[in-house]
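> Generate coordinates for the sequence data below:
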Amino acid sequence: MDTSPPPFRLHIGGQKPLEGWKILDIAPGPFVDYVGDCADLSQFAANSVDELYLSHVLEHLGHQGEFEQALTGFFRVLKPGGVISVGVPDMQALCEIFLAPQTPLGVKFGKGLICGSLK
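Next up is the predicted model:
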């Protein structure tokens, strides 16, 4: 019988609950388990997280140390052999869509293409 604890999976910036995952977000919310800044993971012990997932988070960080601080924190809390999955915008693809003559103006200048859209 395996009595080891379940893996600790942390979704940074998550909005929707997923079974087996805890959510860390900058703002409280109905499904947020931990409130905090992703550049300050001091509420988590070193080598305590099995898996980190973040999508469309890093592009919101400043490049005057905040970005590096976040990356350092991610690797501090990850267990040896832990997994980090990161999604960031593909600016080349977004620019190609924006510059394509066939792309409707509503897509080019509407909310969602460059700025993002929360659904």
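> And Ala39, how far from His56?
According to Cβ to Cβ, to the nearest Å, Ala39 and His56 sit 15 Å apart. The way it works is simple: take the backbone N, C-alpha and C, and place the C-beta from them, glycine included.
> helices and strands of this structure: which one has the lowest mean pLDDT?
None of the helices or strands of the chain scores lower by mean pLDDT, DSSP states H and E than helix 105-109, at a mean of 72.
> if I read this right, Val107 contacts Ala100, doesn't it?
No - Val107 lies out of contact with Ala100 (Cβ atoms under 8 Å); the separation is 9.6 Å.
> Looking at those two, which is more packed in?
Val107 (13 against 10; other Cβ atoms under 10 Å).
> how many other residues sit next to Cys38?
23.
> So it belongs to a helix, correct?
No - using DSSP: H, G, I helix; E, B strand; the rest coil, the secondary structure at Cys38 is coil, not a helix.
> could I get the top strand by length along the chain in CSV with only the CA atoms?
The longest strand of the chain (DSSP state E) is strand 78-87. Coordinates of each C-alpha in strand 78-87 appear next as CSV, following Å, rounded to 0.1, in the frame of the first residue of the first chain:
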residue,chain,number,x,y,z
LEU,A,78,10.6,22.6,-7.5
LYS,A,79,11.6,19.2,-6.2
PRO,A,80,14.6,17.6,-7.9
GLY,A,81,13.3,16.1,-11.1
GLY,A,82,10.2,18.3,-10.9
VAL,A,83,8.5,19.6,-14.0
ILE,A,84,7.8,23.2,-15.1
SER,A,85,5.5,23.9,-18.0
VAL,A,86,5.4,27.5,-19.3
GLY,A,87,3.3,29.1,-22.0
